[in-house]
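[1] following is a predicted model, sequence given first.
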Amino acid sequence: ILTTLKPFGSISVNSKMNNKAGFFLWNLRQFSTLVSTSRTVKLNPLGFCRPAFVYSNWNLRNRLLNDFDNKIQPSRSSVRYLFQDAFIFNLGADGFQTKGRSMVTVFTVDRQLCPRRLSFDSSRSLVSIGAHSKGFNKVNFHHEVSNEDVLTSETKPTPVSDRKLSQEYNSLSDVLDAFSKAPTFPSSNYFTAMWTMAKRLSADQKRCEKQLMFSHPAFNQLCEHIMREAKIMHYDHLLFSLHAIVKLGIPQNTLLVQTLLRVIQERINECDEKCLSVLSALLGAMEPCKNVDVLQAGLRILVDQQVWKIKRVFTLQAVMKCIGKDAPIALKRKLEMKALSELDRFSVLNSQRMFEALAAMNHRSVTLLNECSKTVIDNIHGCPLKVMLNILQSCRDLRYHNSYLFEGIADYVAATYDIWKLKHVIFLLLLFEDLGFRPVGLMDLLMKKIEEEPDSLDLKNIISILHVYSSLNHVCTYQNKEQFLDVMASALTGCLYHISSENLLNAVHSFCLMNYLPLASVNHLFQKDVISELLRADDMERNVHKLHVLETCIKLDDTPYHKAIDLTLPQVPAAPPDPNTKVAEVLSRLLGGGGYFSKNVQLTPIYYIDFEIRMDTNRSQVLPFSDMDATSATDIQRVAMLCVPRAAYCLGSSHPRGFLAMKMRHLNLMGFHVILVNNWEMDKLEMEDAVTFLKNKIYSVKALPTADTNLQSAC
């Protein structure tokens, strides 16, 4: 039976009682009513309490999880191990002494009297010494006390910090051994120390140490201690312990983890700025579940209330990474404004991390990104590879294209090329390709290194390099183009007997974009079993398109492949044509009606042209399609007008990317004069300016002066 006392103030101070004797008798009566309902607790030398009574309906699990009224309460004073909501009394030498353990009577005090965050220190704890004590004496635990005292140095293990634990011991099992010998409060230090040690281990060592940790006999005991202490330990210790538990690989659906999550939810109002940072890192390390989702929602509400109180940029960025992409746009803008207001305090590291923070919450702040880009470029020397990769990945996710930033990173890597591994350079180039940026200097340098050291290539590197160089259409500008392609083809030939069908198709497709046909690889690709496997693959449509590209290149390009092509490929699904309404209207005004051009013309299974115009060989006059039967084919110049999006060019230039360059090459071989019309430029022009723009594109420079009269009448 738990019995509550009068408020603590009524025991220690009563202004209405002036008589000290009367005050003593009043207190004595109060305690006499509680003797029969008090609890007897054994104190062992380790300083932990074990109840010595039994109820008929006692439930150990309820005791562990729900009864926090008599747990250990941390204190910043010299007394570190006292019982929350309890007064401790010594029964004297003639009491119940047994083998180093003393019997004490613990009276439970109402929780309202002793809030969780408060604790009794040495100046406030009331302890009755001896059987003939005349009153309640204050005990100063800094002084020496006799062996009869309840709390002695032997019963209070000295607290050990997680840093000291991680420095003194060599394995996770050693930390658990230390806990089993002399547990100290809070138990979170042990988990934090084990995670600190695990971070220093290799993958194999970490796996072995975790297995030993789970099988250690003290591990379950430590978990029980954490659950018992969850509601009384400091909030930051609670967060650190759960973060360490998750990182150590304890399953998230266990009672331990879910219990700590619930306690963290209940106490979220205790979160200060430091705890905000730890809580953000914790949520980032956990998988979604109901308790995690509820906690993240609570964090969003808390951040929305406290965002302007955050002082550290690091905490702000940690919160931005944690709130999620589905957070309210108002909260994202509030965090953006807070970050902009702190720009003058951004360190180099803050600027580097801001890209990842914005990408994590999917918020594209151009102003913030531009300012951080300047800082990154100004301090690019010494920037770690991981940071550069994170920046480029974030730019890709945010659709943020900054040629100045990309060029600065590429130039730095090229200038320090010797310190990077080949795979590091390829990682960067793959990200540049995804962003549509062509780093000319770095790509030329890599081609030169490959020619000098062809043996450094493995299959994965070959596929990646071919993809980047063909997609960005870079080989066409290189002086030793044929030598580089020969080296790459030879390296691919050496891998033919252990390459997958799809990787082989990808490599040959890249060669086709670069106007090069590796005969050995093509012959291997055209084997019936390889083609059959490609047509049965999950991504069959993509494979069919690439096989059509190969077939078209063999027919149109000047290749040494002379074998008969026996391929029966399914048709490529037609993409919905872009109406290009404005261009069609401009052409109708310029040429005098729709009879002078044709829309969405299919030439091959993979090639469409947006508009076809037929002109005389001098490109001075447009011919209507109705007169084509009476006109000789040799007197006609076919014009293919392609409406091109910005993504068809390399970033910040007019250099066409791989497929567009191949299409232009093949259209020229088919007898077309190719005209590129940039969609974004046409969208900005008024109708009259757009007519003039297309007129200069369609008619030759020599024909324009003599064609002015006809053009005016056609308009």
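    Received the coordinates, thanks.
[2] how many neighbours does residue 547 have?
    Number of residues near residue 547 (other CB atoms under 10 Å) recorded here: 23. Every residue, glycine included, has its C-beta placed from N, CA and C.
[3] mind checking how far the nearest residue to it once chain neighbours are set aside is from residue 249?
    In space, and not counting its chain neighbours, residue 547 is closest to residue 569: 5.6 Å by CB to CB, 6 or more residues apart in numbering. Counting by CB to CB, to the nearest Å, the gap from residue 569 to residue 249 is 49 Å.
[4] how about residue 652?
    46 Å.
[5] cool, and residue 548?
    In terms of CB to CB, residue 548 sits 48 Å off from residue 249.
[6] of those two, which one has the most company?
    residue 548 (19 against 14).
[7] what comes up buried for the helix or strand containing residue 333?
    According to DSSP states H and E, residue 333 maps onto helix 329-341. Within helix 329-341, the residues scored as buried using 16 or more other CB atoms under 10 Å are 331-332, 335-336, 338-339.
[8] check residue 594 and give its pLDDT.
    Per-residue confidence (pLDDT) for residue 594: 77.
[9] I'd say it and residue 588 touch.
    Yes. With contact defined as CB atoms under 8 Å, residue 594 counts as touching residue 588 (5.7 Å).
[10] all helices of the stretch 251-400 of the chain, in order?
    All helices of the stretch 251-400 of the chain, identified by DSSP state H, counting those that start in this stretch, fall at 255-266, 273-284, 290-306, 313-322, 329-341, 348-360, 366-378, 385-398.
[11] with respect to residue 685, which of these lies nearest?
    helix 366-378 (24.7 Å; CB to CB).
[12] ok, back up a step: okay, the helices of the stretch 251-400 of the chain in JSON lines with distance to residue 496 next?
    Shown next, in JSON lines, are the helices of the stretch 251-400 of the chain (distance: least, CB to CB, whole Å):
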{"stretch": "helix 255-266", "distance to residue 496": "50"}
{"stretch": "helix 273-284", "distance to residue 496": "44"}
{"stretch": "helix 290-306", "distance to residue 496": "48"}
{"stretch": "helix 313-322", "distance to residue 496": "45"}
{"stretch": "helix 329-341", "distance to residue 496": "51"}
{"stretch": "helix 348-360", "distance to residue 496": "40"}
{"stretch": "helix 366-378", "distance to residue 496": "43"}
{"stretch": "helix 385-398", "distance to residue 496": "32"}
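[13] those helices: which one's closest to residue 199?
    Nearest to residue 199, of the helices of the stretch 251-400 of the chain and by CB to CB, is helix 273-284 at 13.4 Å.
[14] please parse this structure into its domains.
    The chain breaks down into these domains under automatic domain parsing: 8-155, 162-322, 346-431, 453-573, 581-714.
[15] including distance to residue 445, could those domains go into JSON lines?
    Formatted as JSON lines, the domains of the chain follow (distance: least, CB to CB, whole Å):
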{"stretch": "domain 8-155", "distance to residue 445": "59"}
{"stretch": "domain 162-322", "distance to residue 445": "33"}
{"stretch": "domain 346-431", "distance to residue 445": "5"}
{"stretch": "domain 453-573", "distance to residue 445": "11"}
{"stretch": "domain 581-714", "distance to residue 445": "18"}
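[16] just tell me which of those domains ends up closest to residue 447.
    Nearest of those to residue 447, taken as CB to CB: domain 453-573 at 5.0 Å.
[17] I'd like the average pLDDT over that closest one.
    For domain 453-573, mean pLDDT rounds to 88.
[18] go on, stretch 645-661?
    On average, stretch 645-661 scores 93.
[19] now do the buried residues in that stretch.
    Here stretch 645-661 shows 648-651, 655-658, 660-661 as buried, counting by 16+ other CB under 10 Å.
[20] for it, measure first residue to last.
    14 Å (CA to CA, to the nearest Å).
[21] how far is it from where the chain is centred?
    Here stretch 645-661 is found 30 Å from its chain centre; the criterion is CA atoms, centre = their mean, to the nearest Å.
[22] can you tell me how far the spatially closest residue to residue 252 that is not a sequence neighbour is from residue 246?
    Closest residue to residue 252 in three dimensions, ignoring its sequence neighbours and counting by CB to CB, 6+ apart: residue 287, at 5.8 Å. Per CB to CB, residue 287 is found 9 Å from residue 246.
[23] do the same with residue 688
    For residue 688, the distance to residue 246 equals 65 Å [CB to CB].
[24] pick out whichever of the two has more residues nearby.
    Between residue 688 and residue 246, residue 246 has the larger neighbour count (other CB under 10 Å), namely 19 against 11.
[25] how near is the more buried one to residue 257?
    Distance check for residue 246 against residue 257: by CB to CB, it reads 7 Å.
[26] kindly report the same for residue 536.
    Applying CB to CB to residue 536 and residue 257 gives a distance of 44 Å.
[27] and those two? Which one has more around it.
    With neighbours defined as other CB under 10 Å, residue 536 and residue 257 compare such that residue 257 has more, 20 against 10.
[28] can you show me the helices along the stretch 601-715 of the chain?
    Remark: helices assigned in the stretch 601-715 of the chain by DSSP H, counting those that start in this stretch are 658-669, 679-684, 687-698, 708-714.
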